[in-house]
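[1] With the sequence up front, the predicted model follows.
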Amino acid sequence: MKSVNSRTARAVMVALAAGSLVLTGCSENKGSGDSAKDSKKDQKEASVQSKAVAYKDAAASTGPAADVPGAREGGTISVYQEAGLSHLDPGQIYVSDAGQVANLLFRGLTNFQEDGKGNVAVVGDLATDSGKSSDGNKTWTFTLKDGVKDQNGNVITSADIRHTVERQYAKFIFDGPSYLQTWLSGPKYRDALPDGGFGSKHLPDSVLATPDEKTVVFHFDTPRPDLPQTLAMAGYSVVPAKSDTKAKYDKAPVATGPYKIAEYKVGKSLKLVRNENWDPKTDSVRHAYVDGYNFDFGVTESTQTKRLIADQGGAKSAIQFTGGVESTQIQDVVSDPAVNKRTIKGYQPYVMTLTFNLDRVKNKKVRDAVTYAVNSKSLIAGEGGAYGGDVAPNLFAPTLPGYEAAYDPYGRLKTPSGNIEKAKELLKGVPAAEKKLVFAYGNNEQGQKRKVAIEDALGKVGFDVVSKEIDAASYYEQIGKLKNPYDMYISGWGQDWPSAATVVTPIYDGDQISDGSPNYSHINDPKVQELIKKALTQQPTEAAATWKEAQHYILEKVNPGAPLWYTKQFQLYGSNIGGARYSTESSYIDVNNLFLKS
């Protein structure tokens, strides 16, 4: 999954993060090095994410969702967001900000349901339940609920589900998840349906069957017990066949959720209003207490924070969406009890790395030198210190099953500010041309802070860093191009559900290399491929050991990216906002329960 706030980490959408944590930190925002005890406490609480996700029946999948105490209807919530949205086509959504919006606009076969205590379950959304498996989890059957309509009043049928799956094979869909397509048709899935089902060719019934208007059957050649969680991803939300405008759909999608788009000015604003054809009786997850949402893009995190601290006028009814409290103002928030009680805190599932483009940075000594030199403490300070993250010693987050707190091959925990001498030693004899590195960064406040930290750390050991600015809204799209002109870039990833398979496979599988793929390093190593194939055929306990072996090999023998920090969330909202809580599914404010107090 991309994006922490303004697209800093891939895939947050369906990550299951920790329940509300009380993040304590040092009095000054100088990184997390002074808060090792608190960080361990946070990481222990974050392990709630690794709990098994329950698959629920029809009773749990029937709406309406349980009432939020004290909720009332009416009013419009203002949303402050720095970067615009790169996509609104569900098939293209694999980042957290668009994923949050998707929860308001779209519905899929399944969805995540949470209880506010860290427990997460999968329920039927368009389907009557979380799915019924047979043949040892190789076959999954879903029955659609009666009368669910899109915003135009068209009833959603199995034909729409088939269309949604098949359009994922089309070439204009390049930035979304690929689990389902790969499971159904292999890593070269586009060859199986190059026109994405828009022509006369379709997937055979032996792969995807729709025997009647209410039934959808998936057939896999290997067990897929995680399918209900996969289908809950925003990227697999339904796209009604009658309304599909192909590539143009990205700017004007058709809603099936509680809200629809009234006005969209790309990169500037987005106005959502009620979708009259959404029926709460069919939805056990979402509420629609407010009349709509007004998104204002281009509002920097520092401005967001200042407005929400002041809590005047329209700011009283405003929220941060995927942004967070700006680092230099954290003490202004935590030192004022009245302001601090209007915050959302939690441990996110992301590992932020300085990813190398292996097509360009081919010398492992150079990659290792960078890895030793980078200053995690300085980078974390820019994210909010102890409130923004912890030093990452490896590629698995504390929220992931199999996390090894003590696994630290580059001594990151002992030298969070960088091991300058070790880096210089590795660079002895390396030609000057190989010490010149092009670093890509986003053109927002966050990107600027990261640029300064990277240039400073690498400059100390003799690297010549040439920084190139990228539009923050299309950051991942740009670094996701195979022929991108950059040597390194900060990227992040969080699990799509509690399994190392959703970390190692998307970003380190050589079969996944393509434009738009999250394999940003372009790693394609035979040993890694062997371990991935092995783990995917094993039972969870055996697979955990194989994923562990894979991580060790990737980090030590290949080093496609330097682990930097694990992320935490710290958001602020206005005093007129009710129902605010940390979402253990999105790792941001839970948009399903919000209402205005007056």
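    Arrived safely.

[2] In space, what's closest to Y189 - neighbours in sequence excluded?
    In space, and not counting its chain neighbours, Y189 is closest to Q181: 4.2 Å by C-beta to C-beta, 6 or more residues apart in numbering. (C-beta placed from N, C-alpha, C; glycine too.)

[3] Now do the same contact list for the one you found.
    Counting by C-beta atoms under 8 Å, 6 or more residues apart in numbering, Q181 makes contact with 165, 168-169, 189.

[4] do F172 as well
    F172 makes contacts with 196, 246-247, as judged by C-beta under 8 Å, 6+ apart.

[5] Report how many residues lie close to the closest residue to S158 other than its chain neighbours.
    Leaving aside its sequence neighbours, S158 sits nearest to T210 (C-beta to C-beta, 6+ apart; 3.8 Å). By other C-beta atoms under 10 Å, the residues close to T210 number 20.

[6] Go ahead and confirm T210 touches L203.
    No. Applying C-beta atoms under 8 Å as the test, T210 and L203 come out as separate, 10.0 Å apart.

[7] Mind listing the shared neighbours of those two?
    R162.

[8] least trustworthy helix or strand in this structure by mean pLDDT?
    The helix or strand of the chain with the poorest confidence is helix 36-46; it has a mean of 62 (mean pLDDT, DSSP states H and E).

[9] Just the mean pLDDT for stretch 232-246, thanks.
    Stretch 232-246 carries an average pLDDT of 97.

[10] Am I right that the residue nearest to Y189 sits in a helix?
    Yes. Per DSSP: H, G, I helix; E, B strand; the rest coil, Q181 lies within a helix segment.

[11] Q446: which element?
    Secondary structure from DSSP states H and E places Q446 in helix 445-459.

[12] Which element is encountered next along the chain beyond that helix?
    Next element after helix 445-459 (DSSP H and E): strand 464-470.

[13] mind listing what's buried in stretch 159-178?
    Buried residues in stretch 159-178, defined by neighbour count with 16 or more other C-beta atoms under 10 Å: 160-170, 173-178.

[14] List the residues that contact T222.
    138, 183, 536-537.

[15] switch to 6 Å and redo it
    Going by C-beta atoms under 6 Å, 6 or more residues apart in numbering, T222 touches no other residue.

[16] And it, how close does it get to V504?
    17 Å (C-beta to C-beta, to the nearest Å).

[17] ok, and the closest non-adjacent residue to R107?
    Using C-beta to C-beta, 6+ apart, the nearest residue to R107 is T256, at 4.4 Å.

[18] pretty sure that neighbour is in a strand, no?
    No. Applying three-state DSSP, one finds T256 to be coil, outside a strand.

[19] And for it, the neighbour number?
    28.

[20] next one: the one 4 residues further on
    Summarising burial for K260: neighbours were counted as other C-beta under 10 Å, giving 23.

[21] Just the element for it, please.
    Using DSSP H and E, K260 falls in strand 259-265.

[22] Flag the shaky bits of the chain, pLDDT-wise.
    Where the chain drops to pLDDT under 70, the residues are 1-52.

[23] Just flag the most distant two among the contacts of Q181.
    V165 and Y189 (10.7 Å; C-beta to C-beta).

[24] doesn't the residue nearest to S158 fall inside a strand?
    Yes. Counting by three-state DSSP, T210 is part of a strand.

[25] ok, it touching I161?
    No. T210 is beyond contact range of I161, at 7.0 Å (criterion: C-beta atoms under 6 Å).

[26] Need the overlap of contacts for the two.
    Common contacts of T210 and I161, defined by C-beta under 6 Å, 6+ apart, comprise V216.

[27] for the stretch 351-500 of the chain, what spans make up the helices?
    Using DSSP state H, counting those that start in this stretch, the helices found in the stretch 351-500 of the chain span residues 364-373, 376-383, 420-427, 445-459, 475-479.

[28] List the contacts of D291.
    By C-beta under 6 Å, 6+ apart, D291 lies in contact with T76.

[29] let's see 8 Å
    Under the criterion of C-beta under 8 Å, 6+ apart, the neighbours of D291 are 73-76, 273-274.

[30] Can I have the buried ones of these as a ChimeraX selection?
    Here is the ChimeraX command that selects the buried residues among the contacts of D291 (16+ other C-beta under 10 Å):
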select :76,273,274
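
[31] Just say which of the helices of the stretch 351-500 of the chain is most tucked in.
    Burial of these is given as mean neighbour count (mean count of other C-beta atoms under 10 Å); helix 376-383 ranks first at a mean of 25.

[32] Figure out how far it is from the centre of its chain.
    Chain-centre distance of helix 376-383: 21 Å, with C-alpha atoms, centre = their mean, to the nearest Å.

[33] what's the answer for stretch 367-376, then?
    25 Å.

[34] Which residues does it contact?
    Contacts of stretch 367-376 with the rest of the structure, by C-beta under 8 Å, 6+ apart, involve 31, 354, 356, 361, 391-392, 410-412, 415-420, 422-424, 426-427, 430, 437, 453-454, 456-458, 460-461, 463, 488, 559-560, 562, 564-565.

[35] now V216: how far from T164?
    10 Å.

[36] Can I get the contacts of Q181 in TSV including distance to D332?
    Below are the contacts of Q181 laid out as TSV (distance: C-beta to C-beta, whole Å):
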residue	distance to D332
V165	48
Q168	45
Y169	50
Y189	50
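
[37] Of those, just say which sits nearest to L109.
    Nearest to L109 among the contacts of Q181, with distances taken as C-beta to C-beta, is V165, at 9.9 Å.

[38] What strand or helix carries that closest one?
    Per DSSP H and E, V165 falls inside helix 158-167.

[39] helices and strands around that helix, which ones?
    helix 179-185, strand 208-212, strand 215-219 (3 or more C-beta pairs under 8 Å, 6 or more residues apart in numbering; DSSP states H and E).

[40] gap between the first one and the chain center?
    Distance of helix 179-185 from the chain centroid (C-alpha atoms, centre = their mean) equals 20 Å.

[41] same deal with the last one?
    The chain centre lies 27 Å from the centre of strand 215-219; the measure is C-alpha atoms, centre = their mean.

[42] what comes up buried for that strand?
    Buried, per 16+ other C-beta under 10 Å, within strand 215-219: 216-219.

[43] Quick one: distance of whichever helix or strand comes after that strand to the chain centre.
    Counting by DSSP H and E, the next helix or strand C-terminal to strand 215-219 is helix 227-230. Helix 227-230 sits 16 Å away from the centroid of its parent chain (C-alpha atoms, centre = their mean).

[44] so what secondary structure elements neighbour helix 227-230?
    When contacts are defined as 3+ C-beta pairs under 8 Å, 6+ apart, helix 227-230 packs onto strand 110-114, helix 179-185.

[45] mind redoing it with 10 Å?
    Secondary-structure packing of helix 227-230 (3 or more C-beta pairs under 10 Å, 6 or more residues apart in numbering; DSSP states H and E): strand 54-55, strand 110-114, strand 120-124, strand 139-143, helix 179-185.

[46] As JSON lines, the ones you listed with distance to L308 would be great.
    Formatted as JSON lines, the entries for the helices and strands packed on helix 227-230 read as follows, by distance: least, C-beta to C-beta, whole Å:
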{"stretch": "strand 54-55", "distance to L308": "35"}
{"stretch": "strand 110-114", "distance to L308": "24"}
{"stretch": "strand 120-124", "distance to L308": "28"}
{"stretch": "strand 139-143", "distance to L308": "41"}
{"stretch": "helix 179-185", "distance to L308": "37"}
